[in-house]
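> Take this sequence and fold it.
(one chain, ligands or ions: 1)
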Amino acid sequence: MKATARAHTNIALIKYWGKRDEKLFLPMNNSLSITLDAFYTTTSVEFCTCLKKDIFLLNGNIMGEAETNKMTRFLDLIRKMSGSTLYGVVDSINTVPTAAGFASSASGFAALAAASTKALKMEINDDILSQIARQGSGSACRSIHGGYVEWEKGEQLDGSDSFGKQILTENEWDLSILSVLVEPNEKKVLSREGMKRTVDTSPFYTGWLETVDDDLTVAKQAIYDRDFETLGNVLERNALKMHATTLGANPPFMYWTSATVAVMQKVQELRDNGISAYYTIDAGPNVKVLCQPEDENSVREKLMTLSVVQEIYHCHPGPGITYLPN
Ligand code: 2P0
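Next up is the predicted model:
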């Protein structure tokens, strides 16, 4: 009744921004991501008749009630699907530095979904596993697969057609993703709250929905064609559009700081000088810069000249779920 799984975090090139069903984590639009090699969560789950409640350890520390309840709600879903009534010990090691500006919820829920369903010997395919992970955190459904992944929003009310699908493996196209750390502090508006407020109140959200499918079509074709310029242009436009919706919300909010803008301008300057690099930004102030592997060192060097840059983490496309010996 024990299993161990590892899942890597991912970065969206075309963003998931807004839910049509908050309970089932069904998104308003399709999104597209790269699973990253450097940052992952490794989780062991052991179910036992000896337990009277779930226990959650993160990086060796026993978690408090709030964190444990979140995990229990997710395991309840898996217990319901499998017919099991057993409680479990969840032991998670997170190598995603929260300071690097990557959400650990994607790798966290993907690893938890994989380990707990395996521990209960549930016979499910990756589509179902992705649907399960989605219900812990939307972006987790993309981390089931390696490489380039599209999360299809689906049409069904029960979410049975809303899951991640691999469009290219991690070995089929190498890119460099530099995570540029400018601000290690916690974000003020969590993405879950931010996307909800935007859907509910921002007049710009309509513009997002009207154009995001076209962005995705262009990005997907660029990935198939290994056309970095086209991909870079559309992913940058898409990120800027997502952030524009937050300015129209009520109350308005903004994830950027002056340091974020300094990095964005530097990337533009690199392009003006013939170095092909593009940025994307998630629900926080840190910036992720994409470039081709041969430009990785020069892009890093140029970005490090900015006084606001504290650290740069390097990533490449990485694998999907892997199961490890217990
Ligand atoms: C993304 N983000 O596509 C977008 C872009 C943030 C900005 O997915 O509420 O942690 O748990 O489903 O998955 C972060 O949102 O939100 C996210 P929930 P999640 O990567």
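> Show me the strands in the stretch 101-250 of the chain, by range?
Assigned strands in the stretch 101-250 of the chain, in chain order: 148-152, 163-168, 176-181 (criterion: DSSP state E, counting those that start in this stretch).
> so where's this protein uncertain?
For the chain, applying pLDDT under 70 flags the ranges 98-101, 186-187.
> Can you tell me which residues in it are near the ligand?
12, 15-17, 25, 31, 103, 105, 137-139, 191-192, 282-283 (Cβ under 6 Å from any ligand atom). Just so you know, the C-beta spots here come from the backbone N, C-alpha and C atoms, and that holds for glycine as well.
> next one: stretch 142-159 to chain centre, how far?
Between the centre of stretch 142-159 and the centre of its chain there are 12 Å (Cα atoms, centre = their mean, to the nearest Å).
> for it, which positions count as buried?
Neighbour counts over stretch 142-159 (16 or more other Cβ atoms under 10 Å) mark 142-151, 153-154, 159 as buried.
> Quick check on the residues of the chain next to the ligand: which are buried?
Buried by 16+ other Cβ under 10 Å: 12, 15-17, 25, 31, 103, 105, 137-139, 191, 282-283, out of the residues of the chain next to the ligand.
> Output the residues you listed as CSV; include the columns distance to residue 274.
Shown next, in CSV, are these (distance: Cβ to Cβ, whole Å):
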residue, distance to residue 274
12, 27
15, 28
16, 33
17, 32
25, 42
31, 31
103, 33
105, 38
137, 39
138, 37
139, 34
191, 35
282, 28
283, 32
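> taking these one by one, which sit in helices?
Judged by DSSP state H, helices contain the following of these: 105, 191.
> biggest separation within the buried ones among the residues of the chain next to the ligand, which pair?
25 and 282 (17.0 Å; Cβ to Cβ).
> Please name the residues that touch the nearest residue to residue 246 once chain neighbours are set aside.
Leaving aside its chain neighbours, residue 246 sits nearest to residue 253 (5.2 Å; criterion: Cβ to Cβ, 6 or more residues apart in numbering). Shown in contact with residue 253 (Cβ atoms under 8 Å, 6 or more residues apart in numbering): 188, 189, 194, 197, 246.
> And those residues, which of them are buried?
Buried by 16+ other Cβ under 10 Å: 189, 194, 197, 246, out of the contacts of residue 253.
> Next one: residue 96 relative to residue 39, how far apart?
To residue 39, residue 96 is 4 Å away according to Cβ to Cβ, to the nearest Å.
> Return every residue with contacts to both of those two.
Joint contacts of residue 96 and residue 39 (Cβ under 8 Å, 6+ apart) are 9, 102, 104, 107.
> hmm, which of these are the buried ones?
Buried members of the shared contacts of residue 96 and residue 39, counted by 16+ other Cβ under 10 Å: 9, 102, 104, 107.
> I'd like the residues you listed laid out as TSV, including distance to residue 184.
TSV is the format used below for those (distance: Cβ to Cβ, whole Å):
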residue	distance to residue 184
9	17
102	12
104	14
107	19
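> so which of those residues comes closest to residue 261?
The nearest member of those to residue 261, counting by Cβ to Cβ, is residue 102 at 20.5 Å.
> I'd assumed residue 11 was in contact with the closest one.
Yes - in this structure, residue 102 is within contact of residue 11 by Cβ atoms under 8 Å, at 7.3 Å.
> On the three-state scheme, the residue of the chain positioned farthest from its centre is what?
In the chain, residue 50 marks the outermost C-alpha relative to the chain mean, sitting 34.8 Å out by Cα atoms, centre = their mean. Taking DSSP: H, G, I helix; E, B strand; the rest coil as the rule, one finds residue 50 in the coil state.
> returning to what we had before: rebuild the strands of the stretch 101-250 of the chain as JSON lines, extending it with distance to residue 273.
Output for these, formatted as JSON lines (distance: least, Cβ to Cβ, whole Å):
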{"stretch": "strand 148-152", "distance to residue 273": "28"}
{"stretch": "strand 163-168", "distance to residue 273": "30"}
{"stretch": "strand 176-181", "distance to residue 273": "17"}
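> these two touch, right, residue 109 and residue 74?
Yes - Residue 109 lies in contact with residue 74 (Cβ under 8 Å); the separation is 6.8 Å.
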